Structures are given as C-alpha cells and as structure tokens.
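Engineer: A predicted structure for the sequence below; I have some questions about it.
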Amino acid sequence: MASKYVGDQESQRRQRYSDIDENPRRKLIPISGYEAYPIVTLEEAVEPLKNIVGNVKNNAEWAKWKCEETPEDNLTVDQSAAIILYTMEPSDENQRVYYALNSTLRDEDRKCLKPWFLYLRLLLSALALLPSLHTHVYRGVKGNLKSALKIGEKIIWWGFSSCTSDLNILNNDQFLGSTGVRTLFNIDCKTGKDIKNHSAFPHESEVLLPAARCFMVIACLPQGTDMTIIQLKEIDSPVKLIDLGPEVNIVPSTGTGTSNTATASITM
C-alpha cells in the first residue's frame, strides 16, 4: 500500500540533476547547528518538515518500505531511507525533499534551516559512512551558462548536488536530453558519495556531492551550437562551510566517470 504515496516516479523528469545554484559566488554563513542534534528515526526527522514539504510523512514511510531490511554499506534502515527520500521525484514539486532542502541551504537566513536539522543530521550521518570518491561526474541544465562563469574563478554550490558517473544517462529526455541548448558540467570531484545502493532510482549511477562544495572553473568548451561543457574541479574551501563528520577513505574511481573529456558519449 505504501507505493500509492508517491505516484509513478519512473515517468517523471529528473529535476535534481539540474538543481543548480543560480548565484554560486555568494559567501553565505557556514552551515552549522545540526551536528548538535541526535540521530533519530526518519519518521522523527521529518516531523518538523510536515508544514514545509508536502506529503513528507507518507513519502518517508514509502522510503522505509522501499529500503532493504539490511541495507548495503553498513547503513541503518533509517539512514538508507533518508537517502531514498532525498532522491525521490514526486510529480508535485512541493513534495520533493531535495528541492525544499536545497532552496533552504541557499537562503541567506540560516534560521530557516532549523526545522531541517534532524533530517540533515540523519542524512549526513548516512553519507559519512560511504567512501568519498575522487572521480569525474556529470550533471547539466537546459540553457547556456557559459557567460555566467569565468575560467579560473571559484564558486560554491551550497545545496547538495546530484550527479551521475554514467554520461549516457544524461542523454535521456528525463535528464538533460539530446536536443536544444544545454550546459553540461564535467566535475572532477573528491567528496562525491556513490548512493546507487540507497537511491529511489538505483540504475542512474547517482553520485551525490554534499552541501557547500567549492569548485574552480577549469574550462568552458563550446560543442557545436547547442552544447557547452563546463569543467569544474572540486577544491578545499579556505574556511569550513559545513561539518560532514569523519571522512571515510577516499576511493579513486576507475569507472566510466574518470575521463577528462565529456565529448565522447554525449549526443550533440
């Protein structure tokens, strides 16, 4: 019965891969306060969000129903379900946890984050148990962002960033698609988390970049008239923007995401 809560997610466009900070140059106050909260069940974690995210209690129930009894990577059921809930794509935008959370993380008023502290604590405790990947990952948006970024400048993505290690995924019309004006981000990351074992869509090869990641713009490469590839390199911030907890050893990837160029597999 739990599946009735979310509708047909498989047919929905994957908006989280294009959920990009429109003003990445802002130097906001670091994200803090959540780390003092306890790790609780997912039901308890979403209770403060019931008036912020539509249907969140039912969707959290669905996430736990979908979760394996013994999740991979030594995560608890609640930790794994917290990731599943983040990746869910209900047809109603107001029910998407990632959209509401990332919008709040980008808000200058840090007091708005307080209702999210229990969920953030649970979600980040789950991500802390996953090894950090040093690999190339991809995400993209409709439109041309070449003029918005300059080579050599440093930017911050304050929200979590859904990426894929499989470039071919983005060709699907549910993602970036293969026609129209598009910007593809080719990201050399070092703190990405492979969440395919804990995603509502495990076939998408999703790598999640934690909140408050810093990047340097390495290159802007036009590909024909419709496609621009922007290469980013994840760098350390001069100040701590968020406490992610103890790091699991970084794992260098040898999979499809290691290529330095994104031109081979994407349809122009």
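Structural biologist: On my side now, so go ahead. Note that the coordinates shown come from a computational prediction; the quantities given were computed from them, not determined experimentally.
Engineer: residues touching Asp188, list them.
Structural biologist: Applying Cβ atoms under 8 Å, 6 or more residues apart in numbering, we find Asp188 in contact with Thr135, His136, Ile218, Gln231, Leu232, Lys233, Glu234, Asn260. C-beta here means a position set from N, CA and C on the backbone, and glycine is covered the same way.
Engineer: make a PyMOL selection of whichever of these turn out to be buried.
Structural biologist: Only the buried entries of these go into this PyMOL selection, using 16 or more other Cβ atoms under 10 Å:
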select buried, resi 135+136+218+231+232+233+234
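Engineer: of the contacts of Asp188, closest to Leu122?
Structural biologist: Glu234 (24.3 Å; Cβ to Cβ).
Engineer: just say helix, strand or coil for that closest one.
Structural biologist: Three-state assignment for Glu234 (DSSP: H, G, I helix; E, B strand; the rest coil): strand.
Engineer: now it, nearest residue through space, not along the chain?
Structural biologist: Closest residue to Glu234 apart from its sequence neighbours, by Cβ to Cβ, 6 or more residues apart in numbering: Cys189 at 4.6 Å.
Engineer: so the one you found is in which element?
Structural biologist: If you go by DSSP states H and E, Cys189 is part of strand 182-194.
Engineer: alpha carbons of that strand, in PDB - could you do that?
Structural biologist: In PDB, the C-alpha atoms belonging to strand 182-194 read as follows (Å, rounded to 0.1, in the frame of the first residue of the first chain):
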ATOM      1  CA  ARG A 182      22.300  22.700 -22.900                       C
ATOM      2  CA  THR A 183      25.100  23.100 -20.400                       C
ATOM      3  CA  LEU A 184      26.900  20.000 -19.200                       C
ATOM      4  CA  PHE A 185      29.100  20.100 -16.100                       C
ATOM      5  CA  ASN A 186      32.100  17.800 -16.100                       C
ATOM      6  CA  ILE A 187      33.100  17.700 -12.500                       C
ATOM      7  CA  ASP A 188      36.400  16.400 -11.100                       C
ATOM      8  CA  CYS A 189      35.100  15.700  -7.600                       C
ATOM      9  CA  LYS A 190      36.800  14.300  -4.400                       C
ATOM     10  CA  THR A 191      34.000  14.100  -1.900                       C
ATOM     11  CA  GLY A 192      31.300  12.500  -4.100                       C
ATOM     12  CA  LYS A 193      29.200   9.700  -2.500                       C
ATOM     13  CA  ASP A 194      28.100   6.700  -4.600                       C
END
